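[1] Sequence and predicted structure, then a few things I'm wondering about:
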Amino acid sequence: MVMRWWSDRWTQSAGAFFLEKDAIFFASARDFLAGVLAAVVITCWNLAAVERNAIVQASQKPYQTLSSRYLYKTHKAKSGRNIHDASFRVYRSSPAMAELLLFEDIFTITGIDTDGKKFDKVSRIEARSEQFDMQLVLDVNIDVYPIARTDKFTLALSSTLRLDGTPDDGVFDQSRKKSLADKYEYVMYGKLYKYDDDESGGAIKIGVYVSFGGLLMMLKGDKQHLGNLKLDQRLYLLMRKV
């Protein structure tokens, strides 16, 4: 009887001990998981705050342009739509950007599809530049990049999208590395297939013709502003509205 009594007491005590240990373990595990969850929430909040600050700083930083007379700021919303601020200030371009771009100017649209619309998703725009007085005729995929008669835009030409100026192979880089394209809204890649001189009117002007997969561009003006462009050269066209 005594032995049985001691056995029952030991069993009850041991059971209570293990139940207590299990309760402590589960309470500790619960507190641990709650701590991990709180740490994850705090980390995500801090990362979101950093991203918001980066977006604000980027929106306040002017895009670089070759023209020292103009500054146009463009902000991109999270939806992907572009919100344009037409205010401008005096700005000095960086030498690195000047070396990277073969041409850049701000254009005012003078006509859209003046010969009639040929394709539903493509419009042919005519424009003239403000600084170099260049004449432009350009096919734009308006399904991807809508454009209106009242729009003004910056157009640039470059042989590479790499910020260090090294040549690229013309293939879309999915690594999300920073590139020249980040400073613009619409980019095409093509080949300069025709180059001609126009000496009418006294001043020597040249015209360059580029095909971007069938979308054509004609850019004509003073030779000194297009002297860096060569026949059969591969080019990027980059645009952003101002």
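    Thanks, I have it.
[2] Next up, phi/psi of residue 35, please.
    The phi/psi pair for residue 35 (degrees, to the nearest 10) reads phi -70, psi -40.
[3] Please disregard the earlier target; I meant residue 164.
    Reported as degrees, to the nearest 10, the phi and psi values for residue 164 are phi -90, psi 0.
[4] That one: neighbour count?
    Per other CB atoms under 10 Å, the neighbour tally for residue 164 reads 7. C-beta coordinates here come from the backbone N, C-alpha and C atoms, glycine included.
[5] Need the CA coordinates for the longest strand anywhere in the chain. PDB is fine.
    Across the chain, the longest stretch assigned as strand under DSSP state E is strand 186-198. The C-alpha trace of strand 186-198 is given here as PDB (Å, rounded to 0.1, in the frame of the first residue of the first chain):
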ATOM      1  CA  TYR A 186      10.100  55.800 -73.800                       C
ATOM      2  CA  VAL A 187      13.000  54.000 -75.400                       C
ATOM      3  CA  MET A 188      13.500  52.400 -78.900                       C
ATOM      4  CA  TYR A 189      16.500  50.700 -80.400                       C
ATOM      5  CA  GLY A 190      17.300  50.800 -84.100                       C
ATOM      6  CA  LYS A 191      19.800  51.400 -86.900                       C
ATOM      7  CA  LEU A 192      20.800  54.500 -88.800                       C
ATOM      8  CA  TYR A 193      20.200  53.400 -92.400                       C
ATOM      9  CA  LYS A 194      20.400  56.700 -94.400                       C
ATOM     10  CA  TYR A 195      22.400  59.800 -94.100                       C
ATOM     11  CA  ASP A 196      22.100  62.700 -96.600                       C
ATOM     12  CA  ASP A 197      23.300  66.300 -97.000                       C
ATOM     13  CA  ASP A 198      21.100  69.300 -97.800                       C
END
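[6] average pLDDT for that strand?
    Here strand 186-198 scores 93 as its mean pLDDT.
[7] Near the spatially closest residue to residue 233 that is not a sequence neighbour, how many residues? Count them for me, please.
    Once flanking residues are discounted, residue 233 sits nearest to residue 192: 4.7 Å by CB to CB, 6 or more residues apart in numbering. Neighbour count of residue 192, defined by other CB under 10 Å: 19.
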